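*Asks:* with the input below, show me the fold.
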Amino acid sequence: MVLASASPRRLQLLEQAGIAPDALRPASVDESVAKGEVPRHIVRRLARAKAEAALKIIKSEPELAKSFLIAADTVVAVGRRVLGKAELEHEAADALRMLRGRAHRVHTAICIVTPEGRWRERVVETRVRFRNISDQEIGAYLASGEWKGKAGGYAIQGIAGAFVVKLVGSYTNVVGLPLTEVVSLLAGEGYPVSLLWLSKAEVETE
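*Replies:* Predicted structure coming up:
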């Protein structure tokens with residue numbers, strides 16, 4: 001199993017599901033968005049681009065050449081407006097001010113490539129609503145640093161979980177990887193997910 005991501009959140013989520021990747025091969029791709037491109041298309045295109053780039057890397061590594069590969073991309077959207085990963089504090093501040101007191105959607109595309117070269121793709125959408133957080137709360141959250149590199153300028157698994165008044169759909173999707181869909185796709189392609197759970201149970205009872 002190869003995870004085409006450097007995200008510690010995606011790695012932790014996979015491990016939570018009992019799946020420990022054999023290698024991490026993060027792929028660098030151009031994440032710029034075309035004018036008028038809708039969120040579902042953006043994440044699908046970028047997840048596939050990451051998978052393609054990672055495949056080129058592992059083809060030169062014989063021990064990984066026949067691995068399952070997982071790539072993913074997540075964006076936060078308010079209507080058709082996409083809020084990318086906040087790298088600067090003012091980007092996170094602008095995003096949080098836009099999100100407060102209203103609903104937004106988190107889209108994640110997952111792309112799985114099997115050892116036989118089959119491609120499986122799925123886009124998962126979760127609806128999230130924030131309460132009307134104050135400027136003081138936004139300032140304090142920015143000071144925490146949790147927003148860095150996060151789509152929409154927040155991490156739901158941290159302090160920002162206290163901003164959420166309603167969530168419809170997959171929580172793990174908002175964190176960065178929809179586990180139900182990942183496990184379903186892997187199991188459907190013959191990856192022994194449940195056997196890994198049994199092995200973990202046997203180790204813990206020894």
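
*Asks:* the closest residue to residue 46 other than its chain neighbours: which element?
*Replies:* Nearest residue to residue 46, sequence neighbours excluded (C-beta to C-beta, 6 or more residues apart in numbering): residue 73, at 3.9 Å. (C-beta placed from N, C-alpha, C; glycine too.) Element membership for residue 73 (DSSP states H and E) is strand 69-78.

*Asks:* extract the C-alpha set from that strand and format it as CSV.
*Replies:* Taking Å, rounded to 0.1, in the frame of the first residue of the first chain, the C-alpha atoms of strand 69-78 are listed here in CSV:
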residue,chain,number,x,y,z
LEU,A,69,-2.0,3.3,-4.3
ILE,A,70,-4.3,5.9,-2.7
ALA,A,71,-4.4,9.6,-3.7
ALA,A,72,-6.8,12.2,-2.5
ASP,A,73,-7.6,15.9,-2.7
THR,A,74,-9.9,18.1,-0.5
VAL,A,75,-11.4,21.5,-1.0
VAL,A,76,-13.8,23.6,1.0
ALA,A,77,-16.5,25.5,-1.0
VAL,A,78,-19.0,28.2,-0.3
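
*Asks:* elements contacting that strand?
*Replies:* strand 2-3, helix 39-58, strand 81-83, helix 89-99, strand 103-113 (3 or more C-beta pairs under 8 Å, 6 or more residues apart in numbering; DSSP states H and E).

*Asks:* and residue 167, that's in a helix?
*Replies:* No - according to DSSP: H, G, I helix; E, B strand; the rest coil, the state of residue 167 is strand, so it is not within a helix.

*Asks:* and the residue nearest to it when sequence neighbours are not counted, how far is that from residue 3?
*Replies:* Leaving aside its sequence neighbours, residue 167 sits nearest to residue 128 (C-beta to C-beta, 6+ apart; 5.3 Å). Applying C-beta to C-beta, to the nearest Å, the value for residue 128 to residue 3 is 25 Å.

*Asks:* and for residue 101?
*Replies:* Distance, residue 101 to residue 3, using C-beta to C-beta: 36 Å.

*Asks:* the two: which is more packed in?
*Replies:* The residue with more neighbours, out of residue 101 and residue 3, is residue 3; 25 against 12, by other C-beta atoms under 10 Å.

*Asks:* for the more buried one, what are its contacts?
*Replies:* With contact taken as C-beta atoms under 8 Å, 6 or more residues apart in numbering, residue 3 is in contact with 10, 11, 14, 21, 23, 24, 25, 69, 70.

*Asks:* filter those to the buried ones?
*Replies:* 10, 11, 14, 21, 23, 25, 69, 70 (16 or more other C-beta atoms under 10 Å).

*Asks:* show me what the last one is bridged to.
*Replies:* Beta-bridge partners of residue 70, counted by DSSP bridges, are residue 3, residue 112.

*Asks:* give the contact list for the residue nearest in space to the middle of the chain.
*Replies:* By C-alpha atoms, centre = their mean, the mean C-alpha position of the chain lies nearest to residue 176, the distance being 2.5 Å. Applying C-beta under 8 Å, 6+ apart, we find residue 176 in contact with 7, 9, 10, 13, 72, 74, 108.

*Asks:* still on that earlier bit, from residue 136, how far out is the residue nearest to residue 46?
*Replies:* Noted for residue 73: a distance of 33 Å to residue 136, by C-beta to C-beta.

*Asks:* right, I'll leave it there.
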